[in-house]
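K.L.:
Let me see the structure of the following:
(2 chains)
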Amino acid sequence: MSVRSSRPSTAMPACGKSLAGFTVIETLVALTLLAAAAGFLMATLGASSRLVREVRENETALWLAHSRLVEAAAYPDRSPPQDERPDRYEGVDYRTRIEYREVSPLPEIALDKVARALRLIEIRVLVSWGARPSTVQLTTYRKPRPEAAVPPPPK
Amino acid sequence: MRTVRGFTLIELLVAISLATIITLLGVSLMRTAINGSVVNEEALVQSQAVRDARRLLEYAWSARQTNGFSGDPGQVEFIPSQPALGALPLRFACRPAEGGDYALWLYHASATDGQGQEPPGEILLGQLDECRFGFLRAPADDKQPAQWKEDWPAGQGPPALIRLDLASRRGTLPPFILAADGP
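P.N.:
Next up is the predicted model:
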């Protein structure tokens, strides 16, 4: 027994060619693909901007470290010149730390066995920035002034 | 029997609305992309200009002669000893440029060209909101730190360090601090 509708179908005409529009699934898939493409484009643009920003921040930090190192090395056995301005550049806060220590010019010789005239002052500048801190570090060496000599080590 | 019917008004309106939303999203995306690209490009161009200006100032200052130095917050003048820069005094000056911004200028001779006219300079770095020189004075005694001063007395030798404070539209830049012998 066969059942035949008396009403002609608009979805599947007699010629076999569908005249129906997109289904909901097809529309959703298309929109999803469109959203994914847009998201990918935005992510690429965001990554590009982030890279440019990171490069600039790195360069600023390196430049700041270089300037502070030059400043500290001018008079290595005194505290560096006072600068009361905050290290905030182009909207980013940078933290600067300057470390001094006496070192032996030859690492295999202990510091207490090195004559005062041969000792060096190591000056290290660390600049960090960001919530998950990035850091750059620069180091240089200077000879201390003879008149600032510490007493020689006991023999 | 084949039924061929057009879109209903509702379908048309929905389709036009969707097309409008998608077009607006696309335009907004493109505008964001173009703006971001322009901002990035400007930032990179400015970084390069700052880098070039700093290198030139460092290069000239790294072997300056001990005579012929003068300085105030608006300019420094000294005689470099590098053959590439000649034996004439160089003057780096912070002066207004077109558009009301400040610029870092370079002049290749002393104050005038002999006829009372200042020789033309060239802009090393433009679009600055702030541009000012400073000079490090040696400490009076061992316990005092050195001091940055805004002026440098005429007739003295060059300071240990010079400093150039800059601010652009994007914000304050780290100072250029230059030593004759580098770090």
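K.L.:
And the strands in chain A?
P.N.:
For chain A, strands defined by DSSP state E occupy the ranges A:88-89, A:92-103, A:120-129, A:134-142.
K.L.:
winner for burial among the ones you listed?
P.N.:
strand A:120-129 (a mean of 20; mean count of other CB atoms under 10 Å in any protein chain shown). All C-beta spots, glycine's among them, are computed from the backbone N, C-alpha and C.
K.L.:
Kindly calculate the angle that that one makes with strand A:92-103.
P.N.:
160 degrees (axes from the mean of the first three to the mean of the last three CA atoms, to 10 degrees).
K.L.:
Name the residues that touch strand A:120-129?
P.N.:
Contacts to strand A:120-129, defined as CB atoms under 8 Å, 6 or more residues apart in numbering or on different chains, come from residues A:57, A:61-62, A:64-65, A:68-69, A:72-73, A:76-77, A:87, A:92-105, A:134-144.
K.L.:
Among these, which ones lie close to chain B?
P.N.:
Near chain B, judged by CB under 8 Å from any CB of the partner chain, the entries from these are A:64, A:68-69, A:73, A:77, A:87, A:138, A:140.
K.L.:
Might you report the residue contacts of the closest residue to B:Leu173 other than its chain neighbours?
P.N.:
In space, B:Leu173 comes closest to B:Leu166 once its chain neighbours are excluded; the distance is 4.4 Å by CB to CB, 6 or more residues apart in numbering or on different chains. B:Leu166 makes contacts with B:50, B:104, B:125, B:128, B:130-131, B:172-173, B:175-176, as judged by CB under 8 Å, 6+ apart.
K.L.:
Please check these and keep the buried ones.
P.N.:
Buried residues within the contacts of B:Leu166, counting neighbours by 16 or more other CB atoms under 10 Å in any protein chain shown: B:50, B:104, B:125, B:128, B:131, B:172-173, B:175-176.
K.L.:
Which of these fall in strands?
P.N.:
Using DSSP E, the buried ones among the contacts of B:Leu166 in strands are B:104, B:125, B:128, B:131, B:172, B:176.
K.L.:
from those, which is closest to B:Thr32?
P.N.:
B:Thr172 (27.4 Å; CB to CB).
K.L.:
Confirm for me that that closest one is in contact with B:Glu130.
P.N.:
Yes - the pair B:Thr172 / B:Glu130 is scored as a contact, 7.4 Å apart, by CB atoms under 8 Å.
K.L.:
who are the neighbours in contact with B:Leu161?
P.N.:
A:70-71, A:74, B:135-136, B:177-179.
K.L.:
same thing but 10 Å
P.N.:
B:Leu161 makes contacts with A:67, A:70-71, A:73-75, A:81, B:61, B:134-137, B:146, B:148, B:177-180, as judged by CB atoms under 10 Å, 6 or more residues apart in numbering or on different chains.
K.L.:
burial count for residue 143?
P.N.:
By default, I'm working from chain A. Look at A:Lys143: counted by other CB atoms under 10 Å in any protein chain shown, it has 13 neighbours.
K.L.:
that answer is for a different chain, and I need it for chain B
P.N.:
There are 8 residues near B:Lys143, going by other CB under 10 Å.
K.L.:
Which secondary structure state is assigned to it?
P.N.:
Following DSSP: H, G, I helix; E, B strand; the rest coil, B:Lys143 is assigned to coil.
K.L.:
what does B:Ala167 give?
P.N.:
strand.
K.L.:
The lowest-mean-pLDDT helix or strand in chain B: partners in the sheet, and parallel or antiparallel?
P.N.:
Here the helix or strand of chain B ranked lowest by mean pLDDT, DSSP states H and E is strand B:147-149, holding a mean of 84. Within its sheet, strand B:147-149 is paired with strand B:122-137 (antiparallel), according to DSSP bridges.
K.L.:
Could you pull out the strands in chain B for me?
P.N.:
Counting by DSSP E, the strands of chain B are B:70-72, B:75-78, B:90-96, B:102-107, B:122-137, B:147-149, B:161-168, B:171-172, B:176-179.
K.L.:
Switch those strands over to a markdown table; also include distance to B:Arg55.
P.N.:
Converted to a markdown table, those look like this (distance: least, CB to CB, whole Å):
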| stretch | distance to B:Arg55 |
| --- | --- |
| strand B:70-72 | 20 |
| strand B:75-78 | 16 |
| strand B:90-96 | 13 |
| strand B:102-107 | 13 |
| strand B:122-137 | 10 |
| strand B:147-149 | 23 |
| strand B:161-168 | 13 |
| strand B:171-172 | 20 |
| strand B:176-179 | 10 |
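K.L.:
which stretches of chain B have low pLDDT?
P.N.:
Along chain B, the parts satisfying pLDDT under 70 run over B:1-4, B:109-118, B:181-183.
K.L.:
same question but for chain A, I mixed them up
P.N.:
Across chain A, the ranges flagged by pLDDT under 70 are A:1-19, A:79, A:81-85, A:114, A:116, A:146-155.
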